[in-house]
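K.L.:
Got a predicted structure here, sequence first:
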Amino acid sequence: MNENQSTPAALISKDVSLWPDTMTAGELYLKAKDRKIAVLNEWLQRLRQTKKWQANKASKARSFIYSFFNGNSLVTPFYFVQLDVFMDHIKNERNSVVDNAVQQIYDDLLKTCAGYQNDGVELILLDGQNRLYEALIPFFEGTLKSNEYRKPFTVVFTNGDEPFVKNNFKYTDIDLDQRIKEAFFDTPVIVVEGKKGDIRAFVDSVVDLNNGESWTRFECAIIQPTALAYEINKDIFHDPIIQSLFGNVDMSGNVSGMSGSYEIQKKGDARFIAELAFCVAHKCDSGIAGEDTVCSVIKGSQGVYIHAYKKVKAYLSFISSTLNCPANKDLSEETKPLTKESLRGLVLFLDLITNKENRLSRDCILHLPELKNIQTPKIILEQFVRWHNEKIDKNINPQDFTDSRPNIGTYAFYIRNTNVEHITGRLHYINGWVTNNANEWVATSLVNKESLDYKSYETYVMKQQGNRDIYSKADPVIKLREKLQVDHVKSQRNGGTNDIDNLVVTRAKPNQIKGARY
């Protein structure tokens, strides 16, 4: 402290204790090469943007390299937190929750961190993974796709030798002067290391420090150190069955339309999954959560959402495996078998027939204790996708459209939004589709007969009739606890089917009088 400076009368209490320092670019490179640094993609980071940094012969990486060594190295810091500090935070979080599923997730992360610790990792990188792994490391190892920079580098020698002015060279070139290599190696870099404090405050700082593309609110939430964020990230980064749905750097995926806020580079797959977890947690009696709501869910990470997420993961894994998505690695956008909306519909369908908590489960004729009770799932899932695609096709269902816009109340209308009305409307159509097909599925052994609850026909059809007996003139309103029967409008003897349009709920007497004459 300067002798003219006085001790401050007050200090601001800090959420974090940070230690700003400098190291050389070469030291940073060696720490990363020796695996003293780890990146927790399951948490704390968004997806490494390899494609963007390596496009056009790594033009973004080369642009960064040039500006970095020409002065920018002391402008943008690399931001770390000590591994042991991070582990202490996870232990505190684990001890603060009572839900067993949430505790298990924290235990899983602690095992991962312990593995890092045994391997000699000292620091967790919070900000700078693209700069380090897509630019600096390839520069020092001579593996950049191109070494042509926007201007030549100039290195001045202190002994008066002719300056080095050159473009299109590699750091690893054998004939490169050792003094030039040392000039690059010894370039100072600002590093900011979190020593102690609130890890969430560290993570919040990532957004402020990041000098790349702006972050969405969801991206800020999904890198938070919460159990739900970890669980979702772990699967989109490491589960090949889930990855094959949405794609990754080496796989195009099987779901089209993953753009905008659903772009994979922005963890749009994580957002899609988190929205479905919210919907299932609320018994599919809600919409797909908006960005603010789903961010709050992730940051809060209550046990109910962890349990809902596990259901969603089971549905997505079932869909991906059944439709053989892992085998489709290089599909073009137009040949992908699924869209975001058909995939949402499939999840709603599977939740309807297997989850007793689903709001329409009681009205559904098909009840399966487990997904494996679908004996031939590929046929049924593909049948659903065909039905979905036909319902939103104005050429196949022109009555549902006016001037190419879906009419209110149609299935095509309900998939245009994700609020409560649209999700519940979509679910009602799916339930009707199940009702129309369930008997055929049983007849062709696609599902077990025991899975059908014929009583649900009565509940569903009665609601369609507005709780009225259409065969009764005098007293059509059906009263509570009246004995009712499900009748075929046209009898099966005369070619009638079990389709919902051919069923009616009526009292026993009209049904007896009608008999099977029609």
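P.N.:
Noted; the coordinates are in hand. Numbering: from 1, shown residues only.
K.L.:
Look through the protein and tell me its longest helix.
P.N.:
If you go by DSSP state H, the chain has its longest helix at helix 420-443.
K.L.:
Counting neighbours, which bits of it end up buried?
P.N.:
Using 16 or more other CB atoms under 10 Å as the burial criterion, the residues of helix 420-443 that qualify are 422-439, 441-442. To be clear about C-beta, it is placed using only N, CA and C from the backbone, and glycine gets the same treatment.
K.L.:
And for stretch 27-39?
P.N.:
Buried, per 16+ other CB under 10 Å, within stretch 27-39: 28-29, 31-32, 37-39.
K.L.:
C113 sits in which helix or strand?
P.N.:
helix 100-118 (DSSP states H and E).
K.L.:
by contact count, what packs against that helix?
P.N.:
Here helix 100-118 touches helix 83-95, helix 227-238, helix 303-322, going by 3 or more CB pairs under 8 Å, 6 or more residues apart in numbering; DSSP states H and E.
K.L.:
now the longest one, how far from the centre of its chain.
P.N.:
Pointing back at helix 303-322 there. 11 Å (CA atoms, centre = their mean, to the nearest Å).
K.L.:
after that helix, next one along is what?
P.N.:
strand 338-339.
K.L.:
can you give me how far that following strand is from the chain middle?
P.N.:
15 Å.
K.L.:
and what of stretch 333-348?
P.N.:
With CA atoms, centre = their mean, you get 14 Å for stretch 333-348.
K.L.:
So for it, what gets flagged as buried?
P.N.:
336-348.
K.L.:
Deepest in the core, which of the helices and strands packed on helix 100-118 is it.
P.N.:
helix 227-238 (a mean of 22; mean count of other CB atoms under 10 Å).
K.L.:
Would you mind pulling up the elements that it packs against?
P.N.:
helix 100-118, helix 217-222, helix 240-246, helix 268-281, helix 291-300, helix 303-322.
K.L.:
Out of those, flag the one nearest G194.
P.N.:
Ranking the helices and strands packed on helix 227-238 by proximity to G194 (CB to CB) places helix 100-118 first, at 15.0 Å.
K.L.:
Which residues does the closest one contact?
P.N.:
38, 42-43, 83-84, 86-87, 90-91, 93-94, 97, 227, 230-231, 234, 301, 303, 306-307, 310 (CB atoms under 8 Å, 6 or more residues apart in numbering).
K.L.:
ok, now stretch 417-436?
P.N.:
Under the contact criterion CB under 8 Å, 6+ apart, stretch 417-436 has outside partners 275, 279, 284-288, 344-345, 348-349, 352-353, 358-360, 363-366, 384, 387, 391, 409, 411, 413-416, 456-457, 460, 498-500.
K.L.:
In strands, which of the residues you listed appear?
P.N.:
In strands, defined here by DSSP state E, there are no members of the contacts of stretch 417-436.
K.L.:
Narrow those residues to those in helices?
P.N.:
275, 279, 344-345, 348-349, 352-353, 384, 387, 391, 411, 413-414, 456-457, 460.
K.L.:
can you pull the buried residues of the strand or helix carrying E382?
P.N.:
E382 is part of helix 377-391 when elements are defined by DSSP H and E. Buried residues in helix 377-391, counted by 16+ other CB under 10 Å: 377, 380-381, 384-385, 387-388, 391.
K.L.:
Give the burial count for the closest residue to G260 other than its chain neighbours, as a bare number.
P.N.:
If the residues on either side of it in the chain are set aside, G260 comes closest to G268, at 7.8 Å by CB to CB, 6 or more residues apart in numbering. Neighbour count for G268, taken as other CB atoms under 10 Å: 23.
K.L.:
Okay, G268 and T172: tell me how far apart.
P.N.:
Per CB to CB, to the nearest Å, G268 is found 37 Å from T172.
K.L.:
So the residue lying closest to F401 once chain neighbours are set aside versus L144, what's the distance?
P.N.:
Spatial nearest neighbour of F401, chain neighbours left out: K394 (4.1 Å); criterion: CB to CB, 6+ apart. Between K394 and L144 the distance is 50 Å, computed by CB to CB.
K.L.:
and what of Q129?
P.N.:
Q129 is 17 Å from L144, by CB to CB.
K.L.:
how big is the angle separating the helix holding E382 from helix 420-443?
P.N.:
130 degrees (axes from the mean of the first three to the mean of the last three CA atoms, to 10 degrees).
K.L.:
so what does helix 377-391 touch, helix or strand wise?
P.N.:
Right, helix 377-391 is packed against helix 303-322, helix 340-354, helix 420-443 by 3+ CB pairs under 8 Å, 6+ apart.
K.L.:
and that helix with helix 340-354, angle?
P.N.:
Using the same axes, to 10 degrees, helix 377-391 lies at 130 degrees relative to helix 340-354.
K.L.:
And the contacts of helix 377-391?
P.N.:
Contacts of helix 377-391 (CB under 8 Å, 6+ apart): 318-319, 322-323, 337-338, 341-342, 345-346, 349, 371, 374, 396-397, 400, 410-412, 429, 433, 437, 441, 446-447.
K.L.:
Kindly report the same for stretch 142-158.
P.N.:
Contacts of stretch 142-158 (CB under 8 Å, 6+ apart): 54, 57-59, 61-63, 65-66, 69-70, 138, 163-173, 179-180, 183.
K.L.:
Just those: which are in strands?
P.N.:
Reading strands off the contacts of stretch 142-158 with DSSP E, I get 164-166.
K.L.:
Neighbour-wise, give me the winner out of the residues you listed.
P.N.:
F164 (17 neighbours).
K.L.:
And the nearest residue to it once chain neighbours are set aside, its phi and psi?
P.N.:
Once flanking residues are discounted, F164 sits nearest to V155: 4.0 Å by CB to CB, 6+ apart. For V155, the backbone dihedrals are phi -120, psi 120 (criterion: degrees, to the nearest 10).
K.L.:
what about V155, how many neighbours?
P.N.:
17.
K.L.:
And it, how close does it get to D161?
P.N.:
10 Å.
K.L.:
for D269, same thing?
P.N.:
Taken as CB to CB, the span from D269 to D161 is 54 Å.
K.L.:
Looking at these two, which is more packed in?
P.N.:
D269 (26 against 11).
K.L.:
residues contacting the closest residue to the more buried one other than its chain neighbours?
P.N.:
In this structure, D269 finds its nearest non-sequential neighbour in F246, 3.8 Å apart by CB to CB, 6+ apart. Residues counted as contacts of F246 (CB under 8 Å, 6+ apart) are 236, 253, 255, 258, 264, 268-269, 272.
K.L.:
Point out where the stretch 251-400 of the chain drops to low pLDDT.
P.N.:
Along the stretch 251-400 of the chain, segments meeting pLDDT under 70 span 301.
K.L.:
burial count for L136?
P.N.:
27.
K.L.:
Just list the residues touching it, thanks.
P.N.:
Applying CB under 8 Å, 6+ apart, the residues near L136 are 25, 28-29, 32, 65, 68.
K.L.:
Next: T322.
P.N.:
Counted by CB under 8 Å, 6+ apart, T322 has contacts 377-378, 381.
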